[in-house]
Every structure is written in structure tokens, then in C-alpha cells.
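Peer 1: Predicted model and sequence follow; I will ask about them next.
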Amino acid sequence: MREYIYQKLVWLDEKHKVLTPLKVAIDSLLWDNPQNGYCYELSLVVGARTNSSDPSSVTVMVLDSISDTFLFHQFWLANPSEASELKENLLNFTIDAANQRNIAIFMNPISGNRNGRDVWDQQFQPALRFTPFRYSLFETTDHEYIEEWVQNHDIKQFTDMVCLGGDGTLHLLITAIEKYYPGFLEDFKFGILPTGSTNSLACELGARSIKQGILNIIKGHSSKADLLKIKLDSQEVLSTCALVWGVPSDICNDAQNYRFLGSLRYGVVGFMKFFRKWRKYKGRLVYENDAGENVEMSIDYVFVIASNHRTQNSANNEMLTPFGRINDGFIDVQSMVYGSRWDIITFLRKSANKGSHTNLSFIQHFKTKSITIEPADFPIFNIDGEIYNSSRAQVQIIPQAIRYLGALYDDGK
Ligand SMILES: Nc1ncnc2c1ncn2[C@@H]1O[C@H](COP(=O)(O)OP(=O)(O)OP(=O)(O)O)[C@@H](O)[C@H]1O
């Protein structure tokens with residue numbers, strides 16, 4: 001026999017013909033209509049609101065996780081004050097409504113396929129209206145926008161910071177916060193809605209789909225994770241995802257000129273590089289081994305990745321660093337020794353298949369807490385999708401440095 005923690009009689013129609021109890025159990029929201037019984041997990045209820053055009057009614061918003069669609073159910077009560085009371089109760093059972101959240105949302109309109117504005121207008125803002133949380137939208141206008149925003153706002157008024165964009169937008173935000181408010185990162189919860197090109201962090205946070213990402217942000221559950229601190233010639237930056245050097249940073253650098261192609265730009269530039277300019281990337285790596293000794297390697301590479309997690313792509317099954325974990329206290333380093341074009345095809349094919357490339361003979365892999373990469377002739381790094389020129393990059397892991405909205409691994413690592 002199921003026990004209910006709350007029940008309220010509601011009408012299922014405007015004309016007050018069908019009366020039924022709306023019931024809340026410890027883990028679900030239930031009611032019957034003459035044809036069907038409805039049962040939704042509370043974890044999938046986005047929120048509830050009264051309706052301005054019909055103030056005696058309450059609409060509940062839920063995520064149907066199978067079809068990845070938002071569903072809306074309207075219930076009628078005797079008067080507006082009963083409707084308001086039902087809404088408050090439903091909010092208390094379904095989201096942490098007592099928590100006074102004030103969310104700063106950064107929307108990058110040019111990320112990925114340029115759909116950030118549509119996601120905001122059609123999905124995220126409508127969902128936030130089903131919550132009691134305060135929020136403000138900030139639309140980024142150029143590369144400098146976020147740093148200037150951090151300098152010119154009292155950021156401490158916000159409890160959460162959410163990026164509606166790619167990994168680069170969040171990278172710029174946390175780097176600017178650390179620069180102007182050192183030590184304050186842990187005061188915020190950070191979220192990301194995947195509208196970028198690869199959305200690697202969103203994959204780690206259980207938010208490959210926009211709707212699941214919205215639910216994660218609204219539910220507010222959070223977990224601590226590591227960051228990479230990267231010292232370049234003229235600045236220090238923080239990375240949530242990875243530093244990449246070699247052919248991927250070469251492609252990303254050139255792809256900036258093809259942004260009009262959207263996410264396709266990486267494929268197009270990669271294709272050109274592969275057939276026209278196949279080259280070696282010469283460089284020196286110095287890293288700390290398990291015994292705490294410095295190990296040095298000078299090899300010709302195709303690429304080196306220093307990653308903070310699995311480096312996935314929300315659009316497919318690609319996983320570049322499958323041994324990476326965002327909260328294990330280590331940098332996951334993977335490099336590909338220079339070889340033929342055929343080797344890279346094998347690598348791309350296998351890494352696109354959930355990271356099944358790691359046993360290839362030309363792939364090296366290790367974990368470390370710090371690594372320095374010194375390119376001999378190609379001083380261009382890609383950090384979370386952003387391009388930096390520097391003669392070297394010193395990467396260090398900062399354990400448990402940030403708190404993310406969303407679900408991390410359930411594998412206990
Ligand atoms: N309005 C704008 N016009 C031009 N550039 C912008 C604007 N707003 C932000 N930017 C820049 O866009 C760049 C890309 O951002 P972002 O990482 O969000 O998208 P992406 O590169 O498509 O995705 P991903 O990092 O997942 O591959 C950043 O360098 C940012 O400074």
C-alpha cells in the first residue's frame with residue numbers, strides 16, 4: 001500500500017466536472033482521470049505555477065525522459081488562494097524551493113549552431129517560470145564580454161552561474177572569476193546547457209540533452225569536481241575540460257575563420273589539414289610520475305591532450321580520454337606519437353566508438369598531477385575550445401575546486 005505525504009482534491013477540467021485527488025508519495029506525483037492513471041517520478045517534475053489568465057488553476061511541468069519532451073498538466077481549484085497553496089506545496093515537494101537561488105545566465109548566441117537564443121526563449125526561460133528562483137540573462141556580445149561582466153558586477157548577489165553555450169563560455173567565466181575574485185569560485189554552483197559544438201562538460205554532468213540539462217539546473221543537486229590550472233606565458237587560466245596541443249589545436253585555430261559553418265567547421269578544416277598539410281608537432285613533455293619524480297619526453301607528436309575528464313562530444317559517441325574522471329584528483333594525459341595518416345584514421349574511428357582507441361600502439365596514456373608542454377615549433381594551445389598562443393603550458397590539477405549542477409559518475413570514482 002503506497003503512502004502519500006500530501007493529497008489535494010483537484011478538478012481535471014475547467015468546467016469542474018471531474019474531481020480527483022492529486023497525490024504526492026515520497027518519490028512520485030499521481031492522479032487518475034476516467035481513462036488513465038498518471039504517475040511521474042518527483043525527480044522529473046520541473047516545477048509548478050499558477051496561471052495569470054486563470055488564477056484558480058495550477059500547471060505542473062514534467063520531463064518525459066523517454067521522449068525527452070516537456071509535458072504540462074493543468075488542474076483547477078475552487079479559488080486562487082487554493083491554487084496558490086497547491087503550487088507552494090508542489091514546489092516544496094519537487095524542488096528545493098526554500099533555497100533562495102539567484103541565477104546568472106550567460107547566453108552565447110554564436111556557440112555551436114547558434115541556437116542559444118531559441119533554447120532560452122523556447123525552453124529554459126519557460127521552465128524557469130515554473131520555479132520560484134530569481135534569474136537574470138546576460139547575452140555575450142564578444143570574446144571580452146564575460147571578463148568585463150565579472151569586473152563590473154557584484155557577482156556575490158548570485159548563487160548559481162549557468163552558461164547557455166559551449167565549454168569555452170564556462171572556461172572564460174571561471175577564469176575571470178578566479179582572476180578578479182580569487183578564492184570565490186566555491187561560493188557558486190555552475191551549470192551548463194549544451195548549445196556549443198562539442199559540449200564535453202555537459203556530457204560529464206548528465207546533460208547531453210538540453211531538457212535534461214534544464215532539469216538538472218532547476219533541481220539544484222550539485223557535486224564537487226576538479227579543475228585544471230594552466231600557466232601560460234602571459235596569463236593563468238582555469239579549465240573544466242582539457243588542454244589540447246597538436247593537430248586538434250591547429251584545426252581549432254584555423255576553424256575560427258570558418259565559424260559560419262557552425263559545428264561543421266572542425267570537420268571541414270580537419271579534412272583540409274589531413275590531405276594538404278599533414279605534419280609533425282615537435283615538443284617536450286615534463287610530468288610528475290607516481291613516485292613524485294619529474295619525467296621528461298621529447299617526441300614528435302600528432303597531439304597531446306591533458307584532460308580533466310572523458311572529453312566526450314554530445315553529438316555522438318566520441319570519447320577521447322575514457323580513463324579521465326572529473327573528480328579523481330588527476331590529469332589524464334594522452335598523446336599520439338607521430339605516424340601515418342592511416343594511424344589517425346584508425347584513432348578517429350576507434351575514439352568515435354566510445355573511446356576504444358586506448359590500446360593502439362601509437363597511443364600513450366598516463367595520469368599525473370602536473371605536466372608541462374613545451375612546443376618546439378607550434379606554440380598554439382586549445383583550452384576548452386579557446387585558442388591561446390604560448391611558448392609553454394604548465395598544467396596542474398586543483399582537486400575539488402568547483403561545484404557543478406548535475407549528476408557526476410555513478411561508478412564511485
Ligand atoms: N556575441 C558573440 N559574438 C562573437 N563571439 C562571441 C560572442 N559571444 C561569445 N563569443 C565567443 O565565442 C567563443 C565560443 O564560445 P563557446 O565555447 O560557447 O562555443 P563553441 O566553441 O561553439 O562550443 P564548444 O566550446 O563546446 O566547442 C568564445 O571565444 C566567446 O568569447
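Peer 2: Nice, thanks for sending it over.

Peer 1: Disregarding flanking residues, what is the spatial nearest neighbour of whichever residue of the stretch 51-200 of the chain sits closest to the ligand?
Peer 2: Closest to the ligand within the stretch 51-200 of the chain is Gly166: 2.0 Å, counting by Cβ to the nearest ligand atom. Every C-beta, even on glycine, is put in place using the N, C-alpha and C of the backbone. Excluding the flanking residues, the one nearest Gly166 by Cβ to Cβ, 6 or more residues apart in numbering is Gly196, at 1.9 Å.

Peer 1: Distance-wise, check the one you found relative to Gly165.
Peer 2: 6 Å (Cβ to Cβ, to the nearest Å).

Peer 1: Next, show the common contact partners of these two.
Peer 2: Common contacts of Gly196 and Gly165 (Cβ atoms under 8 Å, 6 or more residues apart in numbering): 108, 111-112.

Peer 1: State the distance from the spatially most central residue of the chain to Val268.
Peer 2: What sits nearest the mean C-alpha location of the chain, by Cα atoms, centre = their mean, is Ala202, with 2.7 Å. To Val268, Ala202 is 24 Å away according to Cβ to Cβ.

Peer 1: just to revisit the earlier point, ok, the residue of the stretch 51-200 of the chain closest to the ligand - contacts?
Peer 2: 108, 111-112, 194-199, 385.

Peer 1: cool, Ala315 as well?
Peer 2: Contacts of Ala315 (Cβ under 8 Å, 6+ apart): 198-199, 263.

Peer 1: Just among the residues you listed, which is most surrounded?
Peer 2: The most crowded member of those, judged by other Cβ atoms under 10 Å, is Asn199 (29 neighbours).

Peer 1: what about the residue nearest to that one when sequence neighbours are not counted, neighbour count?
Peer 2: Spatially, and ignoring its direct neighbours in sequence, Asn199 is nearest to Ser314 (3.8 Å; Cβ to Cβ, 6+ apart). Burial of Ser314, expressed as a neighbour count using other Cβ under 10 Å, amounts to 22.

Peer 1: just checking, Ser314 is part of a helix?
Peer 2: No: per DSSP: H, G, I helix; E, B strand; the rest coil, Ser314 lies outside any helix segment and is coil.

Peer 1: Report the separation between it and Phe106.
Peer 2: Going from Ser314 to Phe106 by Cβ to Cβ gives 18 Å.

Peer 1: Pro132 too?
Peer 2: 22 Å.

Peer 1: Please identify which of the two sits among more neighbours.
Peer 2: Using other Cβ under 10 Å, the more surrounded residue of Pro132 and Phe106 is Phe106, with 23 against 19.

Peer 1: Tyr135 is in contact with that one, correct?
Peer 2: No: with contact defined as Cβ atoms under 8 Å, Phe106 does not reach Tyr135; the gap is 11.5 Å.

Peer 1: Overlap in contacts, these two.
Peer 2: In contact with both Phe106 and Tyr135: no residue, using Cβ under 8 Å, 6+ apart.

Peer 1: Dig out what the closest residue in space to Leu170 that isn't next to it in sequence forms beta bridges with.
Peer 2: Spatially, and ignoring its direct neighbours in sequence, Leu170 is nearest to Cys163 (4.5 Å; Cβ to Cβ, 6+ apart). According to DSSP bridges, the partner residues bridging Cys163 are Phe106, Ile192.

Peer 1: distance of Cys163 from Phe184?
Peer 2: As judged by Cβ to Cβ, Cys163 and Phe184 stand 17 Å apart.

Peer 1: Have a look at the two and say which one is more surrounded.
Peer 2: Neighbours per residue (other Cβ under 10 Å) separate Cys163 from Phe184, with Cys163 holding more: 31 against 12.

Peer 1: Quantify the burial of Thr59 by counting its neighbouring residues.
Peer 2: Per other Cβ under 10 Å, the neighbour tally for Thr59 reads 18.

Peer 1: Ok, Ala291 next?
Peer 2: 6.

Peer 1: cool, and Gly220?
Peer 2: Around Gly220 there are 19 other residues, counting by other Cβ under 10 Å.

Peer 1: Can you check the pLDDT for it?
Peer 2: Here the pLDDT value assigned to Gly220 is 94.

Peer 1: so what's it up against?
Peer 2: Shown here is Gly220, whose contacts under the criterion Cβ under 8 Å, 6+ apart are 95-96, 99, 101, 160, 189, 405.

Peer 1: Would you convert these into JSON lines that also reports distance to the ligand, secondary structure and pLDDT?
Peer 2: Listed next are these as JSON lines, based on distance: Cβ to the nearest ligand atom, whole Å; DSSP: H, G, I helix; E, B strand; the rest coil; pLDDT from 0 to 100:
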{"residue": "Ile95", "distance to the ligand": "27", "secondary structure": "coil", "pLDDT": "91"}
{"residue": "Asp96", "distance to the ligand": "28", "secondary structure": "coil", "pLDDT": "83"}
{"residue": "Asn99", "distance to the ligand": "28", "secondary structure": "coil", "pLDDT": "84"}
{"residue": "Arg101", "distance to the ligand": "23", "secondary structure": "coil", "pLDDT": "96"}
{"residue": "Asp160", "distance to the ligand": "18", "secondary structure": "strand", "pLDDT": "97"}
{"residue": "Lys189", "distance to the ligand": "19", "secondary structure": "strand", "pLDDT": "97"}
{"residue": "Leu405", "distance to the ligand": "17", "secondary structure": "strand", "pLDDT": "96"}
